[in-house]
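>>> This is the structure alone, sequence omitted:
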Ligand code: HEA
Ligand code: HEA
Ligand code: CUA
Ligand SMILES: [Cu+2]
């Protein structure tokens, strides 16, 4: 680590500034922080919903909540965790890290980026507003038609759900376009695709999946809206349609969506394991191509959620086999991660704990997925707690552990402060224990015939002890999450200051101060390795005897060496997002708010379009003057 | 790919090419309508029309949208979307058409 | 930012439009897939064969194709800094797009009087939503072109702005290309 | 395609299988207490050819995946322990970038394993969806929010929430829905199959053990989805025939009770064969007295429970489509007596 600069320059914090500066910011780092903070808050919301679920199920004939409230709880829990926690937490990292990792000063479209954030933000609020009119959606997170029809669900709950998903979908498409272009087209000189960091690779695949998956649900939701608002017949059996169409459209989106949720974690693990094993990722090209393959195959397997729908043996066979194929590229990743650890000098720090925990737990979820993939087996397991176990192993064990590993890993870079090591490891172990205690018994519940989405169950079916165990586990898990949060807060208050490169990292973000300056790179680096910083620090072979220091990307100078002009803040993305949400949400109220929303949107878009990106008064950094 | 290229507004077709392409497009459209009205083509109408419209699609994309003269990455991006969309259309049609044929006896 | 160096030598905005188009393929793909999957499943009439007006739609298809020609010529003119021609061709795109939309309005209201509504049957639902969303795309395109035309009249559409026109053009051509598909699978293959 | 074997097989394999999972992770004691008593709903104690076929696949897949689990997790744990950095070690390990032969190996080995999983999978997919044997009884199952209607078209029997089947004979179910999607699931008799509005699904199986099996609607269908249970009585041929006989015999109508029924508004929704009550909104009550439970398994068919049901159905089944008719206690008493006499 001898090459890492030890003196940390105290820039004026990139996070200080008025609230208005946050509302109008176009800085990808601040936007990333806003995504992250909001997602971590919603994690508590979704978690508390889960805790109520677990309390209700702790014993037979539970009486904590009633039937309708329970249906609302799991619907909101699933929707919240997927769209309000995991996706934005991943988006937080895409925002903060992609430009830093590819050597760019911002994303391709900074204002579009702000628009994405605010659109998602308002969409998320809209969804939760449903609680305040006491009509939360209650048809499950995949809202099967025709339970969502006006006839069987006359309240506003489904409208809130449809409209907020639609609005958040627009945010996802916008950021998908933005980050695809950023990763493809803004790489530093010399950074070929094969030198692009693994995290960026997986992020890029995620963007492409979002761009191709979201339109399917958008169309499905449009049909649903039309059925509900205009009495069309898309999902109406009496008119010759079928509610099964919704299942197809939803899962054409929904299955790629689960890879949208896991691939960021795969990317994070692929960054963390090499850093802490102190050797390059084993078989990096294979890890990249398997990621592409997972994404591609992910579009061909959606009907494995529909084995009980009655599609016939040919379709069942095709989707069973297609689904099983995905185990191969996923296995390739797992084995390469183990290969990375193999023969390393593994530094046992908190991020590594979470990363390894992710691998260990994801395998469990992946293997239960393989059981589901066999259509006959799935006839028993579908819509039972076995599926609930599968989905939490891949979501919590896979995605959440992976993302938390990322939070621990990049926290010093984002905040400039270290996390507590002891508390970090403690929170890991408590979460690891709680997670298994909560979700492993659910396998048995499923095998013992407990259906999911039931708010009550009779005594004497043999489910009592497993349910009780799961409820206890959920509280252990909560304690673990709480410890994690305490660690974050303590670090912000009194954490040890972070050096630019606390983990001896290999990628570009470690070449600059922590947190990075507003302009990211004082000089845009030239990259000639997949591990530019290691190359610089240790030479090509990393053999200390043949050490040639001057290759690779040196740490960034403390001050700009050229004049750097950054885009100006703008409030139009925020206004446009507000207009869009008003127009969308307004459809539940009447024509007036819709027209008002559209008007605001149009005005905002025109102002935005004709406002130059860089205007007088925008942040400008001059050489040798610093930013103090 | 590693070199940094400056904004590349690139060579593209001349105006006469555009007119020619438009003419071909118009002729193909005419053919399509003709095929529609010719009775003895009824049985093969679908494949003929699909080929014709794919040709039109390709002409517009290659010439009017300049894919022919632009970076291959753009063609790759479009193709990704097209291939996945086409596969989904095909699969859904099979699933729905087959709903009756493949239903368990 | 698109004036800055880019990895692929393609301006960001142009690449972004292509990426967006890739995504739109799935949007229209899902709509078309639904239309085709539901074809012939309506339990009451009118059916496509009874109601679709091929001559009329052939004309509007032709009109939309020619608007694409106008679009490339407009871009060509802007790149050559020929403002007069640019105005003419952009105006042409607007007029042709407008004719197409007028045709669609006529078609829709005609169908409505023939008894085909959004609610009448599956054909009505899928047809109107598919072609309606296409029409909405054309409308956005026309508004976009109108904006460019105003810019041209204000003398703000020189060659330095040609990327603006090119990106708008990509969008326009894509909407045209989607219609090529719709015309074939909805109107001609019955 | 081989016909499915109707012979019951050892039940212990299922239990052993499940205990093994538990042993692996949670230890034997937990497994023992968890599996002591799960006769009614278990997916791994098959009582029909369908659930046996499924379990055969499950066993195969389970052993493969359990093996993979053990091997891969051991490798992972071994790597972590073996290769952790020792105190005082500041060197760097060999910078290995990869090894193509290994990559090929760990692509091919999983592919081979999948092959062994895929074979029984595909075979069973076709096996369980082939044409049912000729000797079978046809049953139409119609899902309602939140109860089951069963019709034996060939026998002229309509009943609700409780299905009677003869052991050893194939039951061929035609599944349909009156409102939203439901899913028919009796774990010990086989996998589930959805009841879709507008199209009919099929499911067939041949029960091979006598007993009472509990089922549950497995697709979220609204407020009382959790309360949409069902019971299947698999009986010997003789007792099934007796049941059929009994169902087809018209119930003796107590005219006072019938009058109470007709004048309370019940006939707006319910049918009782041989009376003016012919509505199809709620369950057919023709032979209500012969059923063991009320309202899809929520209550026992006892006078006090039936009275409670009539007093306020909503308090027993949230969202229920049967209104509280504010009946007087005398009215309830006579209705209870009448309904229970319908046997
Ligand atoms: C992060 C999200 C995520 C991920 C990554 C996955 C991954 C997989 N999922 Fe899962 N899945 C969900 C999230 C996810 N799933 C959710 C949320 C649901 C429920 C939705 C709902 O109903 O609410 C669901 C439901 C679900 C079903 C439907 C169940 C049902 O409702 O009936 C099926 C069926 O096939 C399935 C299969 C798979 C498979 C085969 C994989 C594979 O990708 C797994 C591959 C990984 C491995 C296999 C492990 C590692 C590999 C090796 C060690 C190599 C060797 C292995 C072999 C040879 C087998 N999943
Ligand atoms: C990302 C995804 C994600 C995550 C992280 C979780 C996390 C949890 N989930 Fe959930 N879950 C889903 C996604 C997820 N879930 C989905 C998609 C469904 C399907 C929904 C559907 O059927 O439609 C589902 C369904 C589901 C069910 C089934 C409901 C049913 O079918 O009836 C259950 C039941 O136990 C459950 C439990 C839990 C628990 C205990 C946690 C725990 O991990 C939660 C841990 C707790 C916290 C994170 C809270 C932390 C709180 C604090 C730090 C503050 C503490 C304050 C107070 C206590 C006041 N989940
Ligand atoms: Cu019926 Cu759930
Ligand atoms: Cu899936």
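Structure received. Bear in mind the structure is a predicted one, so any value in this text is a computation, not a measurement. Numbering: from 1, shown residues only, chains lettered A, B, ... in the order given. Ligands and ions are numbered 1, 2, ... in the order given.
>>> going forward, measure contacts and count neighbours with C-alpha atoms only.
OK.
>>> give me every residue that touches the nearest residue to residue D:298 once chain neighbours are set aside.
Using CA to CA, 6 or more residues apart in numbering or on different chains and skipping residues adjacent in sequence, the residue nearest residue D:298 is residue D:227, 6.9 Å away. Residue D:227 makes contact with A:456, D:146, D:216, D:296-298, D:317, according to CA atoms under 8 Å, 6 or more residues apart in numbering or on different chains.
>>> Then residue A:278?
Taking CA under 8 Å, 6+ apart, one finds A:344-347, D:92-93 in contact with residue A:278.
>>> and the least confident of those?
Of all the contacts of residue A:278, residue D:92 has the smallest pLDDT value, namely 82.
>>> how far away is it from ligand 1?
Residue D:92 is 28 Å from ligand 1, where distance means CA to the nearest ligand atom, to the nearest Å.
>>> Format the contacts of residue A:278 as a markdown table; extra columns: distance to residue C:133, neighbour count and secondary structure.
A markdown table is the format used below for these (distance: CA to CA, whole Å; neighbours: other CA atoms under 10 Å in any protein chain shown; DSSP: H, G, I helix; E, B strand; the rest coil):
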| residue | distance to residue C:133 | neighbour count | secondary structure |
| --- | --- | --- | --- |
| A:344 | 56 | 27 | coil |
| A:345 | 58 | 25 | coil |
| A:346 | 55 | 26 | strand |
| A:347 | 56 | 20 | coil |
| D:92 | 60 | 16 | coil |
| D:93 | 59 | 18 | coil |
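>>> Quick one: list the elements packing against the helix or strand bottoming out on mean pLDDT in chain B.
Lowest on mean pLDDT, DSSP states H and E among the helices and strands of chain B sits helix B:72-101, with a mean of 87. Under the contact definition 3 or more CA pairs under 8 Å, 6 or more residues apart in numbering or on different chains; DSSP states H and E, helix B:72-101 sits against helix C:12-37.
>>> Okay, residue C:174 and chain A: tell me how far apart.
16 Å (CA to the nearest CA, to the nearest Å).
>>> Determine the number of other residues adjacent to that residue.
Residue C:174 has 24 neighbours, counted by other CA atoms under 10 Å in any protein chain shown.
>>> tell me the contacts of it?
Taking CA under 8 Å, 6+ apart as the test, what residue C:174 contacts is B:61, C:21.
>>> right, is stretch C:143-159 up against chain B?
No: using CA under 8 Å from any CA of the partner chain, stretch C:143-159 stays clear of chain B, with a minimum separation of 10.7 Å.
>>> Only the buried residues of that stretch, if you could.
Within stretch C:143-159, the residues that count as buried by 16 or more other CA atoms under 10 Å in any protein chain shown are C:144-146, C:148-149, C:152, C:157-159.
>>> Just give me how far it sits from the chain centre.
Its chain's C-alpha centre and that of stretch C:143-159 lie 19 Å apart, by CA atoms, centre = their mean, to the nearest Å.
>>> Hmm, residue D:55 and residue D:46 touching each other?
Yes: judged on CA atoms under 8 Å, residue D:46 makes contact with residue D:55 at a distance of 7.5 Å.
>>> more neighbours, those two?
Using other CA under 10 Å as the criterion, residue D:46 and residue D:55 rank with residue D:46 on top: 26 against 23.
>>> which ones are touching the more buried one?
D:11, D:52, D:55, D:187-190.
>>> ok, now with 7 Å
By CA atoms under 7 Å, 6 or more residues apart in numbering or on different chains, the residues touching residue D:46 are D:52, D:188-189.
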